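[1] Here you go, sequence then predicted model.
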Amino acid sequence: MYYDGYTAMDVPDPQFGKLVGGRLCLDFVNTVCGRIPAGRQRDYAGRVVGERLDSYGALLRWGGLTGALTAGQARALAREASARPAKADAALKESLALREALYSVFKAAVEGWPARPGDLVAVNRSLRQARAHERLIGTARFQWAWDDTPALDRMLWPIARSAGDLLAGPDLERVRQCPGEECGWLFLDTSRSRRRQWCDMAECGNLAKVRRFRQKRT
């Protein structure tokens, strides 16, 4: 299930590339240019290659791009961030910490490793914060909605909810990690065969084919 208007995006964004994760939380984890293994036996974090969330403004732009924030919410938060820059910096730091905790937990799920307790603590903390802002609205038919608190971490609420639903649901076994060189993006394999290998065949898949072809020619 997608939340808050989130949909995958096949057309590359100049700053964030394509949205290929299949879930809001996975595309949030993918807000790096790539990850490469750090060489440890159980590498829960990898090494980030290229940071894309390099400012609070970038975080707002990503929130609007994915539907985690409406245009009006993004404008209101930009005004709030301008008035409270230290709080905005703290919200960005919190966002990056959540992203790394989510990557670690999903990486453990992909590899069949036990999740690290500290990472689960961080994810659960974000879930508690998000659920404190949920409201049930409607009269005859009901739906979940967020309250109107102008919190600078607002875009994290739907991310945390998306992550909780995926981690506790049956689709967790469909989460994959792209083996592309300097990629490491996570995605949900929705193929019927469950054999999807690449985050994007047009990019990582074709690059791998070209490398194999050149290796055979040498």
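    Arrived safely, thanks for sending.
[2] check which helix or strand covers the most centrally placed residue in the chain.
    The residue lying closest to the centre of the chain (Cα atoms, centre = their mean) is residue 28, at 1.8 Å. Counting by DSSP states H and E, the element that carries residue 28 is helix 24-29.
[3] give the contact list for the closest residue in space to residue 21 that isn't next to it in sequence.
    Excluding the flanking residues, the one nearest residue 21 by Cβ to Cβ, 6 or more residues apart in numbering is residue 27, at 3.9 Å. C-beta here means a position set from N, CA and C on the backbone, and glycine is covered the same way. Neighbouring residues of residue 27 by Cβ atoms under 8 Å, 6 or more residues apart in numbering: 6, 19-21, 66.
[4] sorry, back to before: so for the residue nearest to the centre of the chain, what's the pLDDT?
    The predicted local distance difference test score for residue 28 is 98.
[5] Now name the helix or strand holding residue 136.
    Per DSSP H and E: strand 134-138 holds residue 136.
[6] err, residue 144, not the other one
    Secondary structure from DSSP H and E places residue 144 in strand 142-146.
[7] Going along the chain, name the helices of this protein.
    Here the chain has its helices, by DSSP state H, at 24-29, 56-66, 71-83, 85-111, 117-131, 156-167, 206-217.
[8] Ranking these by mean neighbour count, which comes first?
    Most buried of the helices of the chain by mean neighbour count (mean count of other Cβ atoms under 10 Å) is helix 24-29; its value is a mean of 28.
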